[in-house]
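K.L.:
Following is a predicted model, sequence given first.
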Amino acid sequence: FECLSLKYNQVQANIERRWHCGWCLGDVFYIHGGWNNAGPQDNIVTLNLKSLKWDVLKTKGPSPSKRRWHSAIKLSNDSRIAMYGGYDGKPLKDLFFFEPETANWTKVNPKGEEPTTRCRHKIYQIDSKRILLMGGFETDRAKVPSKDFHIYHMDDSSWEKVLIPNAFFLTRAGQEIARLDDHNAIITAGTDLNGKPTSDFILMRH
């Protein structure tokens, strides 16, 4: 392994971030939201990985509020980004899709059994039609993660509360999840049901 500190050719003001979301598409790295010394942020800043120049993306549509501790994923079956929840002074339970090609935000008004508010949670794409919401805190002062799991069905824009066997292994906040293949993912670290940090690795099959 080799780690290098990149020297930017152009720097935009107010790009420093923490507790944000990020994703990479082609030669462009995107950052949304987060906090810095100027307070909460709601914009998208991009870094061109070839020119090493930062830019502030001008977006359209109903955009998410200024927030941190939210979760975003690049969908595997199209170019959109899905984003859920976070904290903007209060925990949130809103769902957005972002289309990078048009820089357009869409706020979703789903039907079904909607999840509670979440921050420090994760969303994960199960397949081309389903997104799993797992873990996180229901309030900013909570010490124990949510035990509820929900699936968002993209074909009819609906939420479904689901029961997962041995879910206590997956019940955590501030965790990371990485896809291994079409049927397996690794979940690691976070805050467990006892409100304590954990460093274990869990294999989730779906």
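P.N.:
Cool, the structure landed. Numbering: from 1, shown residues only.
K.L.:
quick one: low-confidence parts of the chain?
P.N.:
Counting by pLDDT under 70, the chain contains low-confidence residues at 10-13.
K.L.:
What backbone torsions are found at the residue nearest in space to the middle of it?
P.N.:
Most central in the chain under C-alpha atoms, centre = their mean is residue 71, positioned 1.5 Å from the mean C-alpha point. For residue 71, the backbone dihedrals are phi -130, psi 140 (criterion: degrees, to the nearest 10).
K.L.:
how near is the closest residue in space to it that isn't next to it in sequence to residue 49?
P.N.:
Leaving aside its sequence neighbours, residue 71 sits nearest to residue 123 (C-beta to C-beta, 6 or more residues apart in numbering; 4.7 Å). Quick note: C-beta positions are derived from backbone N, CA and C, even for glycine. To residue 49, residue 123 is 25 Å away according to C-beta to C-beta, to the nearest Å.
K.L.:
Comparing the two, which shows the higher neighbour count?
P.N.:
residue 123 (22 against 13; other C-beta atoms under 10 Å).
K.L.:
which residues does that one contact?
P.N.:
With contact set as C-beta atoms under 8 Å, 6 or more residues apart in numbering, residue 123 has these partners: 71-73, 82, 84, 131-134, 152.
K.L.:
Ok, residue 189 next?
P.N.:
172, 174-176, 197-200.
K.L.:
which SS state does it fall under?
P.N.:
Secondary structure, DSSP: H, G, I helix; E, B strand; the rest coil: residue 189 is strand.
K.L.:
And it, how far from residue 86?
P.N.:
19 Å.
K.L.:
now do residue 14
P.N.:
19 Å.
K.L.:
The two: which has the busier surroundings?
P.N.:
In this view residue 14 and residue 86 are compared by other C-beta under 10 Å, and residue 86 has more residues nearby, 32 against 13.
K.L.:
Please verify my assumption that that one contacts residue 42.
P.N.:
No. Applying C-beta atoms under 8 Å as the test, residue 86 and residue 42 come out as separate, 10.5 Å apart.
K.L.:
shared neighbours, those two?
P.N.:
33, 64, 67.
K.L.:
what's the closest of those to residue 157?
P.N.:
In terms of C-beta to C-beta, no member of those lies closer to residue 157 than residue 64, at 17.5 Å.
K.L.:
Spatially nearest residue to that closest one (excluding sequence neighbours)?
P.N.:
Of all residues not flanking residue 64 in the chain, residue 96 sits nearest, at 5.3 Å (C-beta to C-beta, 6+ apart).
K.L.:
Could you do residue 42 as well?
P.N.:
Counting by C-beta to C-beta, 6+ apart, residue 42 lies nearest to residue 66, which is 4.0 Å off, once chain neighbours are set aside.
K.L.:
what's the answer for residue 198, then?
P.N.:
residue 192 (4.6 Å).
K.L.:
count of neighbours near residue 178?
P.N.:
There are 10 residues near residue 178, going by other C-beta under 10 Å.
K.L.:
check which helix or strand covers it.
P.N.:
Per DSSP states H and E: residue 178 is located in strand 176-181.
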